[in-house]
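> let's see this in three dimensions:
(chains A and B)
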Amino acid sequence: MSMNLLRLFGGRNASAPVARERLQILLAHERGLLGQSDLLATLREEILAVVSKHIQLDPDKVMVKLERGKTVSTLEVDIEVPNNFDKDRKAPGERRMAG
Amino acid sequence: MAKVLVVTSGKGGVGKTTSTAALGAALAQSGQNVVVVDFDVGLRNLDLVMGAERRVVFDLINVVQGVAKLPQALIRDKRLENLWLLPASQTRDKDALTDEGVGRVIAELRSRFDWILCDSPAGIERGATLAMRYADEAVIVTNPEVSSVRDSDRIIGMLDSKTVRAERGERVEKHILITRYDPARAARGEMLNIDDILEILATPLLGIIPESQDVLKASNVGTPVTLNNAESAPARAYVDASRRLMGEELAMVVPLERKGFMNRLLGRRAA
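This next block holds a predicted model:
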């Protein structure tokens, strides 16, 4: 129900329905944000642990970003690796992985 | 078995200290051994509301740091012999509290009391997290007002993640205590009503404390409101809430001010 309708039904002094609707919208958003930051921190930590088994990494150069869209959301992982990370390996690799 | 109960809110000024004193006194009046612990280091006030401000010698920090023994810091209430206060320090800051030290003090209190009520400071920082750290139950004091409800929601999230119980995969039993409630304004749609608050916070209700002049009167004289005027509306609401804490099931009603005959005749509010 829109805020204007709520005002109409509740009379001129009924500000409580507005408070209720504002809180519901705000808290749904804030709970999502808090949950998300935990998820991203976990993902970041675990990705760092897996990649570190094979490549020496600067932990500060691991970025994990979640973007929520209307129809599709994307998880972006950006890891900067040192230039000579593959010098002991034969297969040529990209200097920078993004995906 | 002893129960550790944190009285918390996030927001300041909603009635944590008043509620800690009133619930502590109400539990003690029904025969329980109760200690109320002030965690608001640097801004202690529970001693003042309890009327024990001139009897503080040692405090929580002294006990945490081993400077004083617990019995030296505990202050017995002048009115109820089974009600005790462990005051906070007024001169130190919250960094003087350590997780391990608080854990030790709480464990010792558990062996001496039925109820340990921890009066949390406002905010979500160290003092507040340590006050809730070892809690089995939590009373979240909430005013029917948007900023208080928002902060309560935040605190509920912390109770579910930052307490020892949460880390063990157990639950902290949470209760909402609505204070400063004005039924007439809520009925006119000027104030969030009880159902709105409970639906938004998705947490069960412990009690509704009506807005009342008796709360200020009691703190003025340093007496928990349940002891100062047992017949007053907030006192009766706090007593009901304390009985629910002990497991009784009582109908949820908002106690009303009882107006004297002359006041009613003259249409004045009972003072």
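
> quick check: closest non-adjacent residue to the residue in chain B positioned nearest to chain A.
Scanning chain B for the residue nearest chain A gives residue B:189, at 3.0 Å (criterion: CB to the nearest CB). Glycine gets a C-beta too; all of them are placed from N, C-alpha and C. Nearest residue to residue B:189, sequence neighbours excluded (CB to CB, 6 or more residues apart in numbering or on different chains): residue A:14, at 3.0 Å.

> next one: the one you found from residue B:191, what distance?
Remark: distance between residue A:14 and residue B:191 (CB to CB, to the nearest Å) = 10 Å.

> just to revisit the earlier point, and for the residue nearest to residue B:189, the neighbour number?
Using other CB atoms under 10 Å in any protein chain shown, residue A:14 is surrounded by 17 other residues.

> thought it was touching residue B:192?
No. No contact is recorded between residue A:14 and residue B:192 when judged using CB atoms under 8 Å, the distance being 11.1 Å.

> can you list the residues of chain B near chain A?
B:145-146, B:149-150, B:153-154, B:157, B:186, B:188-193, B:196, B:200 (CB under 8 Å from any CB of the partner chain).

> just the ones of those in helices?
The members of those that map onto helices under DSSP state H are B:146, B:149-150, B:153-154, B:157, B:186, B:196, B:200.

> residue A:75 against residue A:65, yeah?
Yes. Counting by CB under 8 Å, a contact exists between residue A:75 and residue A:65, whose distance comes to 7.4 Å.

> so what's residue B:24 closest to, chain neighbours aside?
Computed as CB to CB, 6+ apart, the closest residue to residue B:24 that is not its neighbour in sequence is residue B:36, at 4.2 Å.

> in a helix, that neighbour, correct?
No. Applying DSSP: H, G, I helix; E, B strand; the rest coil, one finds residue B:36 to be strand, outside a helix.

> and it, how many residues sit next to it?
The tally of other residues near residue B:36 (other CB under 10 Å) stands at 33.

> what bridges to it?
Beta-bridge pairing of residue B:36, defined through DSSP bridges, involves residue B:85, residue B:117.

> quick check: which ranges of the chain have low pLDDT?
Since no chain was named, I'll use chain A. Judged against pLDDT under 70, the low-scoring parts of chain A cover residues A:1-13, A:33-37, A:87-99.

> please go with chain B instead
Low-confidence segments of chain B, defined by pLDDT under 70: B:259-271.

> longest strand in it, please.
Ordering each strand of chain B by length in residues (DSSP state E) puts strand B:173-181 first.

> now that one: how far from the chain's centre is it?
Centroid displacement of strand B:173-181 relative to its chain, using CA atoms, centre = their mean, to the nearest Å, is 10 Å.

> sorry, back to before: what residues are up against the residue nearest to residue B:24?
For residue B:36, the set of contacting residues under the criterion of CB atoms under 8 Å, 6 or more residues apart in numbering or on different chains consists of B:20-21, B:24, B:46, B:50, B:83-86, B:117, B:119.

> pick the one among these closest to residue B:225.
Within the contacts of residue B:36, proximity to residue B:225 (CB to CB) peaks at residue B:21, which comes in at 7.6 Å.
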